[in-house]
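Trainee: Sharing a sequence plus its predicted fold:
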Amino acid sequence: MADFAFSLAQNVLEKLASSAFEEISLAWDLKKEIEKLQVTMSTIKAVLLDAEERQTNDATLRIWLTNLKDVFLNARDLLDEIECEVLRRQVVKAHGSVGRKLGRYFSSSSPLVLPFSIGHEIKKIRERIDEIAAEKDKFNLNVRHEEKKKMHDRRETTYSYVCASEVIGREVEKQKIVDLLIQSDDKRNVDVIPICGIGGLGKTTLAKMVFNDERLKSHFDLKMWVHASKDFNVPQLIKEIFDSATGKVNENSTLERLQTELRGALSGKKFLLILDDVWNAIPDKWRELRDLLMDGSKGSKIIVTTRGNNIASLVETVPTVHLTGLSEEDSLSLFLKWAFKEGQNKQEKLVEIGADIVKRCKGVPLAVRTLGSLLCLKDDERAWIDVRDSEMWKLKQNEDHILPVLRLSYNELPSYLKQCFLYCSLFPKGYKFHISYVIQFWIALGVVPQSHNENRSLEYIGEQYFMELRSRSFFQVEESVFDIVKHGLNNAFIMHDLIHDLSLSVAESECLIVNSQTKDIPKRVGHLSITDGGDDKVLTFLNSLDNEEPSRACLVDECIRRFKYLQILDLSHSSLEMLPSSIGRAKHLRYLDLSWNRKMSKLPDSICKLQSLLTLKLEGCENLEGLPRDMKYLISLRFLSITTNATRIPEDRIACLTSLRTLIIAGCQNLVTLPDGLRCLTGLEDLRIINCWRLVLNEADDVEIKRLSLQTLRLLNLLSMEALPGWLQESAGTLRYLHIAGCHSLRTLPKWLTKMTSIQKILICDCEHLESLPEEGMHRLTSLQEIRIAYCDELEKNLKSIKEEWVEKVYIDEEIVNRKFV
């Protein structure tokens, strides 16, 4: 992955320039060696942007970049070692009264880094870079500098349903399908209508247009949307169809029970089911699923979107709707819609160049939209000509003739976004991306830099990166129905299959998705994603890589033994009963996901040795008795989610986590009070308290609270909460988003709510006894954009009688749970 070279060089230079390294270089007498390394890397970095752009058509240059990247990786690993030592010293210094004991505690699993050996390694790396850099002159590379980072906002919409004005050129196909849906067949209860076409033509978009058509609202008793898995997993499809039909699935239900419940849910109802993106429906599996769906009443319909004509022939009961490319006229209209902002003057010369670009897109909307998004950020004619005349159009093209087109958009990404996009190749096709998860993932991998602006946290920068990729059409809003009562505004996004293919293409062998059938892994692989679950399968696979005997060690032990620089370990949903103490040796670990391991009751004390840990997920661990005593040693922790069966969380488990930015307390059925230590978390930005039915909160909870920095607060399904906690007042100048749902004991909102001058959005749902908002002072909320209310009968009735101006920002919407927020 030669594209990594510039980003790696930048990452290493940022580490070398940090205050922590400046301090350690002085303490260890490494200042001269580090300064030499900085000069060497700065010199070579200056030509890397030009090299990365030209390496596509120059194999020798590509090899040179790869060799350079390998040395940069060695440098980064060495600096990570130093960072671990710096963090270890910070912990010992902070808890100096037990310094000797702490020294033994950490050194037992993390050998001390010796200054002499570090200095020697830095010199070796510098000399190796000098050796490679000496060859750069033969490539005649030009010095280029990264453009200043700009965050672009574009086309922010409120919901993810397809807006008719955003779709061009599919009215004929839409009308044809709607006519087929309204028709009844006397011979069959359920008809299947395939929509078939190559990737990127807009099959899913067309299906969404049909799904949301007003004429079908009263025609069907039930409408369902399910994204089919690539391997057409029938049990999983049954579960998702039942979930879409009823909104409830018991994760512990047997397949026999699920299929019985599904048939019962569909029996006698005229339904519409969209099975989106079917890849591999072999006859036996298709018949197995189809037979479970035949109990619907006459007029029921299934729409299947697929790339494969063979699949369309297998499932169709009426002729397939074959989707073709847009006309040149429609393609140009779509292109101009994305290439120019609303109301912007369309320069005649740019429109002419755009028409030439559109012809090369072969009528594929994804390619047209992606290039339009790219050029929306360019206002000079030269940039448009560069795209039109790019060498990329001459590359060998794949089945859809558009991967080179998409590569053009990738090439135009700034380096900080390229790296973020490449790491998305580690997720499988069809994966639902949640912004919070992706941000934590990127931060753990070190691709989100710390800003010099104190008001811009890593999480803020990561969100800006994600939204910029989205604005460039690398992500799309997920189509499935969004449940606001259960999840709030946790948006789900997907990556189009062809965009995912692009990520795999540019990631080459650096990032790799494998399964237990994979026979060979290139030596250069730095990031591995294993897709088929089960500890035994994964262990067998790891041992097969170097022909070792089957290991009796647990999976965690084996990963730590093999992967010295392990940064991310996701063991969620793995039926883990106990985390081994060896976890303490993974000193480079930054992201640990143990969520939904319901049998796990205790964490080993050694987990507190992970000073580099940024994210710890324990949500869904319903038998967890609590947090380890020495949580204070996790000085880097920024994200913590927890489920526990305890009635309280001791103050010293939370109060010490001063780096924490996000805290999620969820599913704690026995918890009766929040930890007192919350008042010490002055850097906390996002607090979510969910499904803690016995938790008591009231307005008197405001004793000795320090000034807080909360920006987002979600209080969901807290049945015993009688009032907003008083300590929320301390976030009056920072809180932007408040979401309250399922709090049935809540009767009123406090007067001090009108002091929350930064608040932008308030969402209140399913609070049946809540009668009113504060009667006076709501007009003082000058930042307020909207208040959304659903299923609060008393509140809705009272609000309708208020004539003040601020009420214009209130939206009362019983259908809110069937909308999809962005």
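Mentor: That came through fine. Numbers count the residues shown, from 1 in each chain.
Trainee: alpha carbons only for contacts and neighbour counts from here, please
Mentor: Fine.
Trainee: Tell me the buried residues in the host helix or strand of Leu8?
Mentor: For Leu8, the element it lies in under DSSP states H and E is helix 4-16. By neighbour count on 16 or more other CA atoms under 10 Å, the buried set for helix 4-16 is Phe4, Ala5, Phe6, Ser7, Leu8, Ala9, Gln10, Asn11, Val12, Leu13, Lys15, Leu16.
Trainee: how about JSON lines for the residues you listed, with distance to Leu26 and pLDDT added?
Mentor: Shown next, in JSON lines, are the buried residues of helix 4-16 (distance: CA to CA, whole Å; pLDDT from 0 to 100):
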{"residue": "Phe4", "distance to Leu26": "30", "pLDDT": "75"}
{"residue": "Ala5", "distance to Leu26": "28", "pLDDT": "86"}
{"residue": "Phe6", "distance to Leu26": "28", "pLDDT": "88"}
{"residue": "Ser7", "distance to Leu26": "27", "pLDDT": "87"}
{"residue": "Leu8", "distance to Leu26": "24", "pLDDT": "88"}
{"residue": "Ala9", "distance to Leu26": "23", "pLDDT": "91"}
{"residue": "Gln10", "distance to Leu26": "22", "pLDDT": "89"}
{"residue": "Asn11", "distance to Leu26": "21", "pLDDT": "89"}
{"residue": "Val12", "distance to Leu26": "18", "pLDDT": "91"}
{"residue": "Leu13", "distance to Leu26": "17", "pLDDT": "91"}
{"residue": "Lys15", "distance to Leu26": "15", "pLDDT": "88"}
{"residue": "Leu16", "distance to Leu26": "12", "pLDDT": "88"}
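Trainee: ok, now which ones touch the spatially closest residue to Ala355 that is not a sequence neighbour?
Mentor: Excluding its sequence neighbours, the residue lying closest to Ala355 (CA to CA, 6 or more residues apart in numbering) is Leu332, at 6.1 Å. Leu332 makes contact with Gly354, Ala355, Val358 under the criterion CA atoms under 8 Å, 6 or more residues apart in numbering.
Trainee: how many neighbours does Glu348 have?
Mentor: Counted with other CA atoms under 10 Å, the burial measure for Glu348 works out to 9 neighbours.
Trainee: That one and Pro319, how far apart?
Mentor: Taking CA to CA, to the nearest Å as the criterion, Glu348 is separated from Pro319 by 43 Å.
Trainee: Can you verify Asp191 is assigned to a helix?
Mentor: No. Using DSSP: H, G, I helix; E, B strand; the rest coil, the secondary structure at Asp191 is strand, not a helix.
Trainee: right, and it touches Val304 too?
Mentor: No. Here Asp191 lies out of contact with Val304, judged by CA atoms under 8 Å, at a distance of 10.7 Å.
Trainee: the helices in the stretch 51-200 of the chain, which residues?
Mentor: Assignment of helices within the stretch 51-200 of the chain using DSSP state H, counting those that start in this stretch yields the ranges 59-94, 99-107, 115-133, 171-182.
Trainee: ranking these by burial, who's on top?
Mentor: For the helices of the stretch 51-200 of the chain, ranked by mean neighbour count under the definition mean count of other CA atoms under 10 Å, the leader is helix 59-94 at a mean of 18.
Trainee: That one - contacts with which helices or strands?
Mentor: Counting contacts by 3 or more CA pairs under 8 Å, 6 or more residues apart in numbering; DSSP states H and E, helix 59-94 packs against helix 4-16, helix 19-27, helix 48-54, helix 99-107, helix 115-133.
Trainee: Tabulate those (JSON lines), appending distance to Leu770.
Mentor: Formatted as JSON lines, the helices and strands packed on helix 59-94 follow (distance: least, CA to CA, whole Å):
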{"stretch": "helix 4-16", "distance to Leu770": "51"}
{"stretch": "helix 19-27", "distance to Leu770": "51"}
{"stretch": "helix 48-54", "distance to Leu770": "58"}
{"stretch": "helix 99-107", "distance to Leu770": "52"}
{"stretch": "helix 115-133", "distance to Leu770": "63"}
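Trainee: To Val86, which of those lies closest?
Mentor: Closest to Val86 of those, according to CA to CA: helix 19-27, at 7.2 Å.
Trainee: C-alpha coordinates for that closest one, PDB please?
Mentor: The C-alpha atoms that make up helix 19-27 are tabulated as PDB, following Å, rounded to 0.1, in the frame of the first residue of the first chain:
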ATOM      1  CA  SER A  19       5.900  17.500  24.000                       C
ATOM      2  CA  ALA A  20       6.200  13.900  25.300                       C
ATOM      3  CA  PHE A  21       9.000  13.000  22.900                       C
ATOM      4  CA  GLU A  22      10.700  16.300  23.500                       C
ATOM      5  CA  GLU A  23      10.800  15.500  27.200                       C
ATOM      6  CA  ILE A  24      12.000  11.900  26.800                       C
ATOM      7  CA  SER A  25      14.600  12.900  24.200                       C
ATOM      8  CA  LEU A  26      16.200  15.300  26.700                       C
ATOM      9  CA  ALA A  27      16.000  12.800  29.600                       C
END
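Trainee: For Leu61, which residues are in contact?
Mentor: Remark: with contacts taken as CA under 8 Å, 6+ apart, Leu61 is in contact with Ala51, Arg54, Gln55, Phe139.
Trainee: Mind pulling the model confidence for it?
Mentor: The pLDDT attached to Leu61 in the predicted structure is 93.
Trainee: circling back: now the one helix or strand the residue nearest to Ala355 maps to: average pLDDT?
Mentor: With the criterion set as DSSP H and E, the secondary-structure element containing Leu332 is helix 328-339. Rounded to a whole number, the mean pLDDT of helix 328-339 is 92.
Trainee: Any buried residues in that helix, and which?
Mentor: Of the residues in helix 328-339, those scored as buried under the neighbour-count criterion (16+ other CA under 10 Å) are Asp330, Ser331, Leu332, Ser333, Leu334, Phe335, Leu336, Lys337, Trp338, Ala339.
Trainee: try stretch 200-212
Mentor: Of the residues in stretch 200-212, those buried under the neighbour-count criterion (16+ other CA under 10 Å) are Gly200, Leu201, Gly202, Lys203, Thr204, Thr205, Leu206, Ala207, Lys208, Met209, Val210, Phe211.
Trainee: Any chance of TSV for those, columns distance to Ile238, secondary structure and pLDDT?
Mentor: As requested, the buried residues of stretch 200-212 are exported to TSV (distance: CA to CA, whole Å; DSSP: H, G, I helix; E, B strand; the rest coil; pLDDT from 0 to 100):
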residue	distance to Ile238	secondary structure	pLDDT
Gly200	27	coil	86
Leu201	28	coil	88
Gly202	26	coil	89
Lys203	23	helix	91
Thr204	20	helix	89
Thr205	23	helix	90
Leu206	24	helix	93
Ala207	20	helix	93
Lys208	21	helix	91
Met209	24	helix	91
Val210	23	helix	94
Phe211	20	helix	93
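Trainee: how about the residue nearest the centre of the chain, secondary structure?
Mentor: Against the mean C-alpha coordinate of the chain, by CA atoms, centre = their mean, the closest residue is Val438 at 3.1 Å. Counting by three-state DSSP, the backbone at Val438 sits in helix.
Trainee: where's it relative to Ile665, distance?
Mentor: For Val438, the distance to Ile665 - CA to CA - is 20 Å.
Trainee: Contact partners for Leu674?
Mentor: Contacts here follow CA under 8 Å, 6+ apart; on that basis Leu674 touches Arg648, Ile649, Leu695.
Trainee: Return the member of the contacts of Leu332 nearest to Glu786.
Mentor: Out of those, the member with the shortest distance to Glu786 (by CA to CA) is Gly354, at 38.7 Å.
Trainee: To what extent is the closest one buried, counted in neighbours?
Mentor: Residues near Gly354, counting by other CA under 10 Å, number 23.
Trainee: re the thing from before, can you tell me which of the helices and strands packed on helix 59-94 is nearest to Leu237?
Mentor: Using CA to CA as the criterion, the shortest distance between Leu237 and the helices and strands packed on helix 59-94 is 38.0 Å, found for helix 4-16.
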